[in-house]
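Enquirer: test case, fold it:
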Amino acid sequence: MALWLNQALQQTPPHCLLLTLSGLEAGPLSCVVRWGTYGMSQRDLNDAEWANPSNWSAGLYFSKKDTRVWVPKSIPWTGWTLNLGTRAGACSMIGLLIGLPLLMILLMSLVVRR
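Expert: Below is the predicted model:
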C-alpha cells in the first residue's frame, strides 16, 4: 500500500494533490480535465479526453489529444463515432459526406441509362 501511495504522489502534480486532499475537487478525473495531464499514459489520457464533456458537441467528438480515430459514443452501447480531432477522422467524415452522395448519383445514372 505504501509503495502504491508513493508512486501516486510522485505522479500527481502538487496543485491536484492539494485540491483533492482539501476536498475542493471531486476526484482525479476533474483534476486531469482542469489542470492538465501530468504523468499520464496515452490510454489514460484518451479515457480522460473521452470523459470530458467539452469534447462532445451534438453527438460529435473532437479531441486532438485523443489519438484514437474511432471512439465509443458518449453512450457506449449506442455504437462508435469518429474523432474529428484526428486527421484520419476528419478525412473519413469528409469522405463519407462527399463520397456517399457521389456514389448514389453514379448508381442512379447507371440505372436510368438502362
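
Enquirer: would you mind listing the buried residues in the longest helix seen in the chain?
Expert: As assigned by DSSP state H, the longest helix anywhere in the chain is helix 87-113. For helix 87-113, the neighbour count (16 or more other C-beta atoms under 10 Å) marks 89, 92 as buried. For glycine as for every other residue, the C-beta is placed from the backbone atoms N, C-alpha and C.

Enquirer: name the element L82 belongs to?
Expert: strand 80-82 (DSSP states H and E).

Enquirer: pull out the buried residues from that strand.
Expert: Going by neighbour count (16+ other C-beta under 10 Å), the buried part of strand 80-82 is 81-82.

Enquirer: any idea how far R113 is from Y61?
Expert: The gap separating Y61 from R113 is 41 Å, by C-beta to C-beta, to the nearest Å.

Enquirer: measure P76 to A51 for me?
Expert: 11 Å.

Enquirer: so which elements touch the longest helix of the chain?
Expert: strand 80-82 (3 or more C-beta pairs under 8 Å, 6 or more residues apart in numbering; DSSP states H and E).

Enquirer: contact partners of stretch 58-72?
Expert: 37, 42, 45-46, 49-50, 52, 55, 73-74, 79-86, 88-89, 92 (C-beta atoms under 8 Å, 6 or more residues apart in numbering).

Enquirer: quick one: buried ones out of these?
Expert: Neighbour-count burial (16+ other C-beta under 10 Å) applied to these gives 37, 45-46, 49-50, 52, 55, 81-86, 89, 92.

Enquirer: okay, now the domains of the protein?
Expert: Residue ranges for the domains of the chain, per automatic domain parsing: 1-40, 54-114.

Enquirer: and the residue lying closest to Q42 once chain neighbours are set aside, helix, strand or coil?
Expert: Leaving out its chain neighbours, the residue that sits closest to Q42 by C-beta to C-beta, 6 or more residues apart in numbering is T67, at 6.2 Å. Secondary structure for T67, judged by DSSP: H, G, I helix; E, B strand; the rest coil, is coil.

Enquirer: circling back to that earlier point, of P76 and A51, give the one with the bigger neighbour count.
Expert: Between P76 and A51, counted using other C-beta atoms under 10 Å, the more crowded position is A51 (14 against 10).
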